[in-house]
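> One predicted model, sequence on top.
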Amino acid sequence: MGRMSRQKGKRGEREAAAELGALLGCGARRGVQYHGGPDSPDVVLDGVKIHVECKRTETLNVYKALEQAKNDAHPSHVPLVWHRRNDRESVLIVQTSDLVALANAVIAAKGMQ
């Protein structure tokens, strides 16, 4: 992976952390800065059991990205993918079977405020 691509990825992770942290009302930061392991989430959301895989790219293989999130997620965390293309709004991608667990994780996070 080239330097420009890594820089874009880091910017995407910071962007996702800011966006998701504001939306959920929790502290959020790039995961690699604190954990550093290959299975650490791209974004750590304080007190929220969600594993975030960030993809800041023009093309995305949704199933490959979800598989990466699932493989890296802690068993108690809901895997999801945050994705944004240039000049577009971000989207969250989650398996339908994880939708209720995601809603519960968000409700629990909101209840902590």
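Received it, and whenever you're ready, just let me know what you need.
> Residue 47 against residue 26, yeah?
Yes. The criterion here is C-beta atoms under 8 Å, and residue 47 meets it with residue 26 at 5.8 Å. Yep, even glycine has a C-beta here, placed from its N, CA and C like the rest.
> between the two, who's got more neighbours?
residue 26 (17 against 13; other C-beta atoms under 10 Å).
> State the distance from the residue lying closest to the more buried one once chain neighbours are set aside to residue 58.
Leaving out its chain neighbours, the residue that sits closest to residue 26 by C-beta to C-beta, 6 or more residues apart in numbering is residue 46, at 4.9 Å. Going from residue 46 to residue 58 by C-beta to C-beta, to the nearest Å gives 31 Å.
> Please say which of these two ends up with more neighbours.
Neighbours were counted for residue 46 and for residue 58 using other C-beta under 10 Å; residue 46 has more, 12 against 8.
> The more buried one touches residue 25, doesn't it?
No. Using C-beta under 8 Å as the test, residue 46 is too far from residue 25 to be in contact (10.2 Å).
> Please compute how far the longest helix seen in the chain lies from its chain's middle.
Across the chain, the longest stretch assigned as helix under DSSP state H is helix 3-24. Computed by C-alpha atoms, centre = their mean, to the nearest Å, the chain-centroid distance of helix 3-24 equals 9 Å.
> how far out from the middle of the chain is the helix or strand following it?
Going down the chain from helix 3-24, the next helix or strand is strand 28-30, by DSSP states H and E. Centroid separation for strand 28-30 versus its chain: 10 Å, with C-alpha atoms, centre = their mean.
> how much space is there between residue 104 and residue 18?
From residue 104 over to residue 18 (counting by C-beta to C-beta), the distance is 24 Å.
> Now do the same for the residue nearest to residue 26: its pLDDT.
As predicted, residue 46 sits at a pLDDT of 91.
> who's in contact with stretch 87-103?
Stretch 87-103 is contacted by residues 15-16, 19, 50, 62, 65-66, 70, 78-84 when judged by C-beta atoms under 8 Å, 6 or more residues apart in numbering.
> Many thanks, have a good one.
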